[in-house]
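[1] Below: sequence and its predicted model.
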Amino acid sequence: MSQQTLARRRGTPMQRFTDVCVKYVERLMPDPYLFAVILTLLVVVMIFAFVRGTSIGGVVDSWYGGVWGETNIFTFAMQMILILVSGYTLAEAPVVKRGLIWLASKPRNQVEGALLCFFVAAIACLLNWGLGLVVGALLARQVGARLRGVHFGYLVAAGYMGYMVWTSGLSSSIALANTDDQSPLNVIYTQTKQVVPLSLTIFQPYSILPVLVTLVVIGVTVWRMAPSTTLEPDPSVYAPEEEPTREPGGHTSFAERLEGLWILNVLVFVAGAAYFVRSGFALNIASMVMLFTVLAALLHGTPIRFIRAFTSAAKTSGPLLLQYPLYGGIVGLLAYTPSDSTRPLQAVIASSIVSGATVHTLPVLNFLASVVISLFVPSGGGHWGVQGPVAVDAARQLGQTSPKYLGMISMSVADGEAVANMIQPFWLLPVLAIAKLNVRQVMGFTVVAFLLGLVIFGLATLLMPFLI
């Protein structure tokens, strides 16, 4: 056997490393629901180990408070689900869907297909993370239908890797919360009575440059990790949605005429656009949900088409609805403190990592703390509510209270959350629902993206203070 043939069978170093990651993820990764349960139990153990005066009753009460109590996660969870569903509904609009089908016809092999999924998803994530999250999966579905002998999990994973840049985009929940003095997640305003505009966060060089580097590095990685094995998609992935049919020549009722009245969708869009103008083009979580919802309504044409698309899109949020309460409970547990003189576990974790920080090292230490905390709280805004108070307080103790520096601190936390998503399966759930895959068929590939993202954004946060 020639050396060239042997090398082809063994694959490239990146392929071999990816194969190892896939192998161990398939063996060790539990179902995402069980992953959340295990994390909950781990947090409870850590509370008893590091929080003095802990009681079983207090732990149970704090867990309840995070899910159903006064500090419950329901409002924020609904906002995040609506961003996802509105983004999916927009992606299913006829004009957008035709565009995806046209794009999917261009790749000639699985590498080109995977690169297409990655770049399109990344660009979409910079506009709206809900749109980007589902566009990658929908595009992978179209590519998988046209190319034979591909590894469908690889295509889906490539699209999900584009999600790594969402915290530097227009729907970044932490950056948007910074702009709204009414948001309960605006930790900076709570502590300093200042708002931080997007010009001091996502439009700074320290946010833009890592995105560009990520697009290049992860793009090359997707190319080099292409598997030699195949994984055919489940045939049900391509099953068409059943739509109600009307008897030919049947009478159109008044209700049906209303359902087909396109002018109603136009009025909804005009109202939403008018409010956006009247608000001074304010970008926050609520306005992003509103804009994508009314735009989706406009592009679907008639009310009934929009309703059906929105209903279909909502099905992908089922796994999130199941797990958000668990993570809300974890948020409550992290904030549990038996007395005013005792620090909660979230402060213990964050403070232990940033202790001894300087003006120049605080961003990178916040980034590392964020990667750890994101495993327990995988939602950007909820995560900022946990780590933000410690991060902002650390900056204040260093005498740094300018909006520019505090904006940088918030983005260092956001970067850690973005990278950790490559190994935290929570936001992979709607993607898996669209692709009808299990987490073990996808996450082996994204582990590689996590390691590279750790380096890229780690260096970016190390250089942040020199780029403001």
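    Arrived safely, thanks for sending.

[2] For the stretch 1-150 of the chain, which segments count as helices?
    Taking DSSP state H, counting those that start in this stretch as the criterion, the stretch 1-150 of the chain contains helices spanning 3-10, 13-28, 32-50, 56-67, 74-91, 94-104, 110-127, 129-146.

[3] mean confidence for the fourth one?
    When pLDDT is averaged along helix 56-67, the result is 91.

[4] coming back round to it: of all the helices of the stretch 1-150 of the chain, which lies closest to Ala460?
    The stretch from these with the least distance to Ala460 (CB to CB) is helix 110-127; that distance is 16.0 Å. To be clear about C-beta, it is placed using only N, CA and C from the backbone, and glycine gets the same treatment.

[5] picking that back up, would you format the helices of the stretch 1-150 of the chain as TSV with distance to Ser402 and mean neighbour count included?
    Converted to TSV, the helices of the stretch 1-150 of the chain look like this (distance: least, CB to CB, whole Å; neighbours: other CB atoms under 10 Å):
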stretch	distance to Ser402	mean neighbour count
helix 3-10	54	9
helix 13-28	41	15
helix 32-50	33	16
helix 56-67	33	17
helix 74-91	28	22
helix 94-104	41	15
helix 110-127	26	23
helix 129-146	28	26
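
[6] Identify whichever of these lies nearest to Leu467.
    Proximity of those to Leu467 was assessed by CB to CB; the nearest stretch is helix 110-127, lying at 19.1 Å.

[7] The closest one relative to helix 94-104, how many degrees between them?
    Our comparison of helix 110-127 with helix 94-104, counting by axes from the mean of the first three to the mean of the last three CA atoms, to 10 degrees, yields an angle of 150 degrees.

[8] Can you check what angle separates helix 110-127 from helix 74-91?
    Helix 110-127 and helix 74-91 are oriented at 130 degrees to each other (the same axes, to 10 degrees).

[9] ok now helix 110-127, how far from the chain's centre?
    Relative to the mean C-alpha coordinate of its chain, helix 110-127 is positioned 15 Å out (CA atoms, centre = their mean, to the nearest Å).

[10] Now do it, average pLDDT.
    Helix 110-127 comes out with an average pLDDT of 95.

[11] ditto for stretch 377-391
    In this model, stretch 377-391 has a mean pLDDT of 81.

[12] Contacts for stretch 254-272 next, please.
    Contacts of stretch 254-272 with the rest of the structure, by CB atoms under 8 Å, 6 or more residues apart in numbering, involve 246, 290-291, 293-295, 297-298, 300-304, 306-307.

[13] Quick one, which of those residues are buried?
    Applying a neighbour-count criterion of 16 or more other CB atoms under 10 Å, the buried members of these are 290-291, 293-295, 297-298, 300-304, 306.

[14] Quick one: the residues you listed as JSON lines, columns for distance to Val44 too.
    As requested, the buried ones among the contacts of stretch 254-272 are arranged in JSON lines below (distance: CB to CB, whole Å):
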{"residue": "Met290", "distance to Val44": "39"}
{"residue": "Leu291", "distance to Val44": "40"}
{"residue": "Thr293", "distance to Val44": "38"}
{"residue": "Val294", "distance to Val44": "43"}
{"residue": "Leu295", "distance to Val44": "43"}
{"residue": "Ala297", "distance to Val44": "44"}
{"residue": "Leu298", "distance to Val44": "48"}
{"residue": "His300", "distance to Val44": "46"}
{"residue": "Gly301", "distance to Val44": "51"}
{"residue": "Thr302", "distance to Val44": "51"}
{"residue": "Pro303", "distance to Val44": "48"}
{"residue": "Ile304", "distance to Val44": "48"}
{"residue": "Phe306", "distance to Val44": "44"}
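
[15] Nearest to Ala335 among the residues you listed?
    Nearest to Ala335 among these: Met290, at 30.0 Å, using CB to CB.

[16] where does the closest one land in three-state SS?
    When states are read from DSSP: H, G, I helix; E, B strand; the rest coil, the local structure at Met290 comes out as helix.

[17] residue ranges with poor pLDDT in the protein?
    Low-confidence regions of the chain, defined here as pLDDT under 70, cover residues 1-10, 238-250, 283-285.

[18] 50 instead, please
    Flagging of the chain using pLDDT under 50 yields the residue ranges 1-9.

[19] returning to that earlier point: mind telling me the two of the buried ones among the contacts of stretch 254-272 farthest from one another?
    Set against one another by CB to CB, these have their most distant pair in Leu291 and Ile304, with a gap of 22.0 Å.

[20] Now do the contacts for Ile330.
    Contact criterion CB under 8 Å, 6+ apart gives 36, 39-40, 43, 66, 376-377 as the residues in contact with Ile330.

[21] repeat that with 6 Å
    By CB atoms under 6 Å, 6 or more residues apart in numbering, the contact set of Ile330 is 40, 43, 376.

[22] burial measure for the last one, as a count.
    The local packing count at Phe376 equals 24, with neighbours defined by other CB atoms under 10 Å.

[23] how about it, phi and psi?
    Torsion angles at Phe376 (phi, psi; degrees, to the nearest 10) stand at phi -90, psi -30.

[24] Check Ser253 too.
    Note on Ser253: its backbone torsions stand at phi -80, psi 170 [degrees, to the nearest 10].

[25] what's the neighbour count on it?
    Per other CB under 10 Å, the neighbour tally for Ser253 reads 10.

[26] Quick check: it vs Glu259, distance?
    The spacing between Ser253 and Glu259, counted by CB to CB, to the nearest Å, is 9 Å.

[27] Who are the packing partners of the host helix or strand of Tyr160?
    Element membership for Tyr160, per DSSP states H and E: helix 152-161. Counting contacts by 3 or more CB pairs under 6 Å, 6 or more residues apart in numbering; DSSP states H and E, the secondary-structure elements packed against helix 152-161 are helix 110-127, helix 129-146, helix 443-463.

[28] and it, how far out from the chain's middle?
    Between the mean C-alpha position of helix 152-161 and that of its chain there is a distance of 15 Å (CA atoms, centre = their mean).

[29] Quick check: next helix or strand after that helix?
    helix 173-178.

[30] Packing partners of the following helix or strand past that following helix?
    Counting by DSSP H and E, the element after helix 173-178 in chain order, helix or strand, is helix 187-192. For helix 187-192, the contact count by 3+ CB pairs under 6 Å, 6+ apart identifies helix 380-397 as packing neighbours.

[31] Could you identify the helix or strand that succeeds the helix it packs on?
    Taking DSSP H and E as the definition, the helix or strand that follows helix 380-397 towards the C-terminus is helix 403-420.

[32] tilt between that following helix and helix 380-397?
    Calculated by the same axes, to 10 degrees, helix 403-420 forms an angle of 140 degrees with helix 380-397.

[33] in the helix or strand following helix 403-420, what counts as buried?
    Tracing the chain C-terminally past helix 403-420 and defining elements by DSSP H and E, one meets helix 429-435 next. Within helix 429-435, the residues scored as buried using 16+ other CB under 10 Å are 429-435.

[34] What is the burial count for Thr361?
    When neighbours are defined as other CB under 10 Å, Thr361 has 14 of them.
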